[in-house]
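S.K.: Any chance you can model this:
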Amino acid sequence: MQALTVIETAGLPAVQQHDIEARLRDHAAYTADALSENTRRAIRADTAVFSAWCSRNGREMLPATPETVADFVDDVSTTRAPATTRRYISSVAHLHNAAGLADPTKATRVKARMKAAAKKAGTRQKQARGITEHDVIRILDRLSDSLLDLRDRALLMVARDMFARRGELVSLNVEDLDVDPKHGDATVLLRRSKTDQMGEGTECLLAADTVRALRAWMDAAGITDGALFRSLKHKRTGGRLNDRDVARAFKRIAALAGIDATDISGHSCRVGAAQDLSAMGGTLTEMQQRGRWKSATMPARYSEKQAVRRGRLAEHFATRQLGV
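M.R.: I've put the predicted structure just below:
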């Protein structure tokens with residue numbers, strides 16, 4: 001049951017409670033290697049939110065009725081983005097399926113409440129601010145040769161070159177690097193990603209200046225094997241960074257450069273790299289392949305401002321003179 005640690009079954013009859021707990025233990029065991037750590041963490045967090053809401057409101061969590069889930073949607077959608085509410089409901093569905101119970105989220109009333117909440121709030125998600133190449137220049141100009149700055153410089157440049165998700169960044173090992181001594185660039189093997197749960201692996205290219213930044217960090221930190229990006233405490237290296245550390249690092253160096261870090265996230269380099277590629281005339285297919293997106297939806301969202309500035313209409317607007 002470790003993957004679903006906040007299940008409340010105490011109010012159920014003893015036999016039913018035992019059966020459900022057994023199903024959850026079985027489910028946790030056979031999905032341990034099938035679900036990514038990020039997915040398991042999201043399910044735990046979402047289930048905790050639902051559990052706390054049910055406790056506060058005197059509702060049964062497992063099994064939950066469609067009325068309970070619908071009321072939960074009404075409540076949380078007033079303070080949460082539509083995407084967050086959808087994720088909560090997905091985790092509630094996962095929980096019931098794992099326990100071998102009927103899925104209350106499929107009920108018509110729940111779907112209706114979800115649709116109404118999305119319509120009221122609007123379905124457009126708030127987007128992380130992209131760290132573009134222009135931002136990178138500003139940031140690099142402000143970084144020193146301190147161990148922390150050496151690490152975050154390398155983290156920034158690797159993230160940009162790889163169009164990396166934060167989880168992909170922290171998974172990298174020294175052994176994944178293959179430096180070309182002739183050209184100074186390198187390939188790095190991304191062993192597993194959100195869209196490659198089977199671990200087939202993807203090779204990504206790192207520019208020569210990124211490799212130099214990596215070398216500077218590794219030499220200063222004394223890293224010769226194992227985790228490429230590590231925590232620092234009292235100027236000494238610790239364990240592997242986690243994905244939350246990546247967001248904190250990007251916010252810190254953005255603020256150093258005078259960039260508003262409010263909307264900077266662990267995916268800001270990924271967003272900015274897509275925006276830069278779009279501005280250079282890159283196609284959605286190129287962005288999708290480079291960033292390992294399953295569909296073109298997200299790169300299209302990230303690069304829409306750059307995209308509308310290309311084409312015949314944009315060229316016409318640039319030269320139009322109406323005498324106004």
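S.K.: Can you report how many residues lie near the closest residue to residue 72 other than its chain neighbours?
M.R.: Using CB to CB, 6 or more residues apart in numbering and skipping residues adjacent in sequence, the residue nearest residue 72 is residue 53, 5.6 Å away. C-beta: built from backbone N, CA, C; applies to glycine. Residue 53 is flanked by 17 other residues according to other CB atoms under 10 Å.
S.K.: ranges for the strands of the chain?
M.R.: Along the chain, counting by DSSP state E, strands occupy 177-179, 186-190, 202-206, 230-233, 236-240.
S.K.: How far does the lengthiest helix in the chain sit from its chain's centre?
M.R.: Among the segments of the chain that qualify as a helix by DSSP state H, the longest is helix 37-56. Centroid separation between helix 37-56 and its chain, computed with CA atoms, centre = their mean, to the nearest Å, is 17 Å.
S.K.: For it, enumerate the helices and strands it packs against.
M.R.: Packing contacts for helix 37-56, counted by 3 or more CB pairs under 8 Å, 6 or more residues apart in numbering; DSSP states H and E, involve helix 66-76, helix 82-98.
S.K.: and that helix, which residues are buried?
M.R.: Within helix 37-56, the residues scored as buried using 16 or more other CB atoms under 10 Å are 39, 40, 42, 43, 46, 47, 49, 50, 51, 53, 54.
S.K.: Relative to residue 141, which of the residues you listed is nearest.
M.R.: residue 42 (36.8 Å; CB to CB).
S.K.: Next, the contact list for that closest one, please.
M.R.: 87, 91 (CB atoms under 8 Å, 6 or more residues apart in numbering).
S.K.: Give me the neighbour count for residue 277.
M.R.: Residues near residue 277, counting by other CB under 10 Å, number 21.
S.K.: Wait, it touches residue 290, no?
M.R.: Yes: look at residue 277 against residue 290 with CB atoms under 8 Å: they come within range, at 6.8 Å.
S.K.: Overlap in contacts, the two.
M.R.: With CB under 8 Å, 6+ apart, residue 277 and residue 290 have no common neighbours.
S.K.: send the alpha carbons of stretch 211-224 over as CSV?
M.R.: Extracted in CSV, the C-alpha atoms of stretch 211-224 (Å, rounded to 0.1, in the frame of the first residue of the first chain):
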residue,chain,number,x,y,z
VAL,A,211,30.1,20.6,-22.0
ARG,A,212,32.7,23.2,-20.7
ALA,A,213,30.2,24.3,-18.1
LEU,A,214,29.6,20.7,-17.1
ARG,A,215,33.3,20.1,-16.8
ALA,A,216,33.8,23.1,-14.6
TRP,A,217,31.1,22.0,-12.3
MET,A,218,32.3,18.3,-12.2
ASP,A,219,35.9,19.3,-11.6
ALA,A,220,35.1,21.8,-8.8
ALA,A,221,32.8,19.3,-7.1
GLY,A,222,35.1,16.3,-7.6
ILE,A,223,32.4,14.3,-9.4
THR,A,224,33.7,11.4,-11.4
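S.K.: list the buried ones in that stretch?
M.R.: So for stretch 211-224, counting by 16+ other CB under 10 Å, buried means 211, 213, 214, 215, 216, 217, 218, 221, 223.
S.K.: got it, and stretch 274-291?
M.R.: Judged by neighbour count using 16+ other CB under 10 Å, the buried positions of stretch 274-291 are 274, 275, 276, 277, 278, 279, 282, 284, 287, 288, 290, 291.
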